[in-house]
Each structure stands twice: as structure tokens, then as C-alpha cells.
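Asks: Could you look at this predicted model? Sequence included:
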Amino acid sequence: MARRRTLQGRVSAFGIAMVAGWLVVLTVAFNLILAHRLTSDADAVLSSRAAAAAATVVVDRQHRLSIKESGDDEALDSGIWFYAGQRSVERPVGGGNVQAAADALAGRGPAYATGAGNRLYALPITHGGRRAGTVVTSLSLAPYHRTRETALYGSIIIAALTLIGTYLALRLVAARALRPVGVMTDQAAAWSASALSERFGPEQRFNELRRLSATLNGLLDRLTASVRHERRLFAELSHELRTPLSLIVAETDLLLARDHDPARVKAAHEQIHDTALAMNRILETLLSAGRAEIANATGSCQVATAVADVLAHTELPIANTVEISDDLAAGVEAALLERVLAPLIDNAGRFASTIVRITGRRTPDSVLIEVSDDGPGIPPAHADAIFEPGTQLSTGGGAGLGLPLARRLARAAGGDVTFRGGSTFEVRIPPA
């Protein structure tokens, strides 16, 4: 498997590439500027020597040239030619290969030329407005070439050392910059496995790390909520399904133990059927609660239609009255609203004496649905306990999950279920 590139290496490589490109530009520019400068210095030296040499020339009336002698003639005559037209009047000893280049400049000027490793300059000598001759000076370019080569090699070495140092510095800086990210990653991994309550604090000094901390905290919050929902779902499933499963096992054991009369067998089958239906309702309610809390889906429905569907699937042994206008709409899906109302209506039907009342109305910020009955009501001391999972105030056959799940579903949708006293419950749902 190919080794993955690290962000530290990628940042360092990108940085060194940028620095290398910039160093190449600087090195080329430096050497070009140096070459131009050395050429300018050589030309300046040649021009000065030519002017000094021309000052030693004497032109008579016949425009003949003669050279005045001075104390530094030996130094002055080194690399200097005097021409009268194309004829050489005076030349340095041992001109060698430079002689041809100097002869080519005779009668020309002012002009520069390069040949045989030397730089030459031709300066016209005038007298009375007429050209009387030419002085040519030369200068060896070997020292300048050595200077250019030394500067080139030196700049390359300096650039290479700079790149090495820069790369090491970039690696160090990238490692130090990314170290908090690595620490936070390790902490998040450890917390997600064993410490879901831990969170990153606001002590991060840099804005990028603060944003990363906030993002990781949000992920940990969602992970914690998912784990909490999963654990609660498993706990409720194991708790609530244990009794009906035990009942089914007991009934089947009795049926298999010995022969029974048809009436007893039918009763056992009916008991198993009813228990399986109860288990199915428990599973649907728990799974609906889990999906609603995690997905937090929205929608809309007509409240009167949802209440009618609940009543159609709930066998109320007594009369009921519904006072809900047909245009009253809630901002949740019909299935969710039915799951919220079903346990309230079922409880009202089991504990009412003569009638169950269901009313609905719209407020400025919500839809309120009240479910009440004329039964004995709930003692005030149990007003909070009824919303705890598994709480049963009577032996009416409930599982102790209806009210807690109704509240959880309503709150997942942005509403709530509250107990108003006596036997009245209020459902608050966001409007459509």
C-alpha cells in the first residue's frame, strides 16, 4: 500500500519550491547585474586610459603625430596603440593576438570591441577639426571573468545552503504549527471512544484552532447524542420487550407441554397474538422516537386528520368529542403527530368514566392540542414521574413508555407535552 503524503511534507515541499524559484530569479538577476557592472567598469577604465594616452599625443602643422614622453610611459604604454590613419605609430611590445583586434579599430571610434580575451576601446585624435589619428587601449578580461565565475559559484552555493536551511526551517515550523492539530485529533479519538463528555476549551490562541475546536466539539456533541439515543433505545427495548416475550414463551410452553381443549388453545393463540401486537407497537414507537430525535425531520399535516387517524386505530370504549377546525395545520409530519397523540388518547380512553375530549387551537407561535377525560385524574405528586420511562400508576396494561415517548417526539419536533392537572394533557407543536 502506497504511503500517504503528510501535510507537513506537502507544506514544506510547496514552501521550498517557492523559495527555490525566488532564489533562481535572484541568482540570475544578481549575476546579470554583476556582469553588466563589470563590463561598465572595464569600459570606464579603457575610456580613462584612452583619454590619458591621447593627452600625450602632439600633432604638428602637417598633421603628423608624435608622442610626448613622461615618467610613467612604461605603465601608460602597456596595452595602448597609436595610429595615424591605418598606420601604426606606436604599439606595445608583444601585442600577440590582440594586435589584429587593435588594427581593426584603427581609424574608427569612439567604439568598443572584444577579442582574444580582451576589451578594446578606440578614441579618435583630432586637430583643427580634422581627425589626425586614433588611440586604441586594451584591457584583459581574465580578472573580470574570474570575478564573474567566483560570484556565480558563490551565489549557487549560497542558494543551495539557503534552500537546505529553509527546508529544515519549514519542516520545523510546519511540525510546530500542526502539532496542536495532532494533539486535538488524538484527544478527539480518545474521547469518542471512552470520554464522550470531554470537550475542547476556548484556550486555543489562534482563530483557526478555535474554529477547529468548535467543529470537533459539534461532532462530539452529535456523537454523544447518537450514542445516548442508541443506549437508551437498547435499554428501553430490553426492558419493555422482556415481559411480552416472557408471556409468549410461557404460553407456547403450556401449549407444547400437554394437550388442551380447543377453547384453551384459542385463548392462548389470542394471547400470543395480542402480545405480539403490543410488542410491534412498542418497537414502532421506540424506533419512531429514535428516528425523530436523530433526523429531526419537518413537514406539515392537518391536525383534525391526524386525530381522526389515531381514533380510527384506537378502540375507545366510551364516547369522545373532537373540537378541531379543519384548517388547523401543524408543522410536523402526520405520522409523528399521530405518535405523539396516540398514547395520550389511549390513556384517556382507558381511564375515562364517560367521555374523552380532544380540542385544538392556534396561538401566535404554536398549535395547542388538549386531550382530557372525566376520569379520576393523576395525583399531583406524580405529575413529574409520569414522564419517566417505565412509570405506571395503575395496572391498566400500559408499558410505561407512552408519555415519555410522546414528550420526546414532541420535543424532537420543537414542541412539548405537558400535564395540566387532573386528567388534562397539552401538546404544543410548531405551526405549519
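Replies: Received, thanks.
Asks: Check which helices and strands the helix ranked longest in the chain sits against.
Replies: Across the chain, the longest stretch assigned as helix under DSSP state H is helix 142-194. Judged by 3 or more C-beta pairs under 8 Å, 6 or more residues apart in numbering; DSSP states H and E, helix 142-194 is in contact with helix 7-54, helix 207-257. C-beta here means a position set from N, CA and C on the backbone, and glycine is covered the same way.
Asks: now the last one and helix 142-194, what's the angle there?
Replies: In other words, helix 207-257. For helix 207-257 against helix 142-194, the angle by axes from the mean of the first three to the mean of the last three C-alpha atoms, to 10 degrees is 30 degrees.
Asks: who's in contact with Thr137?
Replies: By C-beta atoms under 8 Å, 6 or more residues apart in numbering, Thr137 lies in contact with 46, 49-50, 53, 79-81, 120-121, 123.
Asks: where in the stretch 51-200 of the chain is pLDDT low?
Replies: 62-63, 69-77, 94-96, 193, 195-196 (pLDDT under 70).
Asks: quick one on the thing from earlier: nearest to Ala189 among the contacts of Thr137?
Replies: Leu46 (75.1 Å; C-beta to C-beta).
Asks: Apart from its chain neighbours, what residue comes closest to that closest one?
Replies: Tyr121 (3.8 Å; C-beta to C-beta, 6 or more residues apart in numbering).
Asks: Val19 - nearest residue in space that isn't next to it in sequence?
Replies: Thr166 (4.9 Å).
Asks: what do you get for Ala306?
Replies: Leu337 (4.5 Å).
Asks: next one: Ala188
Replies: Take Ala188 and drop its neighbours on the chain: the residue closest to it by C-beta to C-beta, 6+ apart is Leu216, 5.1 Å away.
Asks: From Thr185, how far off is the one you found?
Replies: Distance, Leu216 to Thr185, by C-beta to C-beta, to the nearest Å: 9 Å.
Asks: next one: Arg64
Replies: As defined by C-beta to C-beta, Arg64 lies at a distance of 95 Å from Thr185.
Asks: same check, this time on Ser78
Replies: Distance of Ser78 to Thr185, computed by C-beta to C-beta: 76 Å.
Asks: do the same with Leu247
Replies: 50 Å.
Asks: likewise Ile378?
Replies: 51 Å.
Asks: Mind checking which of those two has more residues around it?
Replies: Neighbour tally, Ile378 and Thr185, criterion other C-beta atoms under 10 Å: the higher count belongs to Ile378, 20 against 13.
Asks: would Gly107 count as being in a helix?
Replies: No - Gly107: not assigned to a helix; according to DSSP: H, G, I helix; E, B strand; the rest coil it is coil.
Asks: Who are the contact partners of it?
Replies: 83, 85-86, 134.
Asks: Can I get the buried part of these as one PyMOL selection?
Replies: Selection of buried members from the contacts of Gly107 for PyMOL, criterion 16 or more other C-beta atoms under 10 Å:
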select buried, resi 83+134
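Asks: So what's the residue count around Arg408?
Replies: Around Arg408 sit 25 other residues, with neighbours defined as other C-beta under 10 Å.
Asks: Equivalent analysis for the one 10 residues further on, please.
Replies: Neighbouring residues of Thr418 were enumerated by other C-beta under 10 Å; the total is 13.
Asks: So it is in contact with Arg411, correct?
Replies: No - taking contacts as C-beta atoms under 8 Å, Thr418 lies outside contact range of Arg411: 10.8 Å.
Asks: Just give the strands next to the helix or strand that Thr126 is a member of in its sheet, each with its orientation.
Replies: Element membership for Thr126, per DSSP states H and E: strand 118-127. Strand 118-127 has the following strand partners under DSSP bridges: strand 111-115 (antiparallel), strand 130-140 (antiparallel).
Asks: For Leu311, see how far away the nearest residue to Asp326 once chain neighbours are set aside is.
Replies: Closest residue to Asp326 apart from its sequence neighbours, by C-beta to C-beta, 6+ apart: Ala304 at 5.4 Å. Look at Ala304 and Leu311: by C-beta to C-beta, they are 11 Å apart.
Asks: Pull up the overlap in contacts between the two.
Replies: Common neighbours of Ala304 and Leu311 (C-beta under 8 Å, 6+ apart) are Val322.
Asks: and the closest residue to Val45 other than its chain neighbours, what is it in contact with?
Replies: Of all residues not flanking Val45 in the chain, Leu139 sits nearest, at 5.9 Å (C-beta to C-beta, 6+ apart). Contacts for Leu139 (C-beta under 8 Å, 6+ apart) come out as 42, 45-46, 49, 79, 118-120.
Asks: ok, so of these, who is nearest Asn31?
Replies: Nearest member of the contacts of Leu139 to Asn31, counting by C-beta to C-beta, is Ala42, at 16.3 Å.
Asks: That closest one contacts Arg119, doesn't it?
Replies: Yes - when contacts are counted by C-beta under 8 Å, Ala42 is listed as touching Arg119 (4.9 Å).
Asks: Quickly list what's touching both of those two.
Replies: Joint contacts of Ala42 and Arg119 (C-beta under 8 Å, 6+ apart) are 139, 141.
Asks: quick revisit: state the distance from the residue nearest to Val45 to Leu223.
Replies: 81 Å.
Asks: Tell me the confidence at the one residue sitting closest to the centre of the chain?
Replies: Of all residues in the chain, the one closest to the mean position by C-alpha atoms, centre = their mean is Leu212, 8.7 Å from it. If you check Leu212, the pLDDT there is 79.
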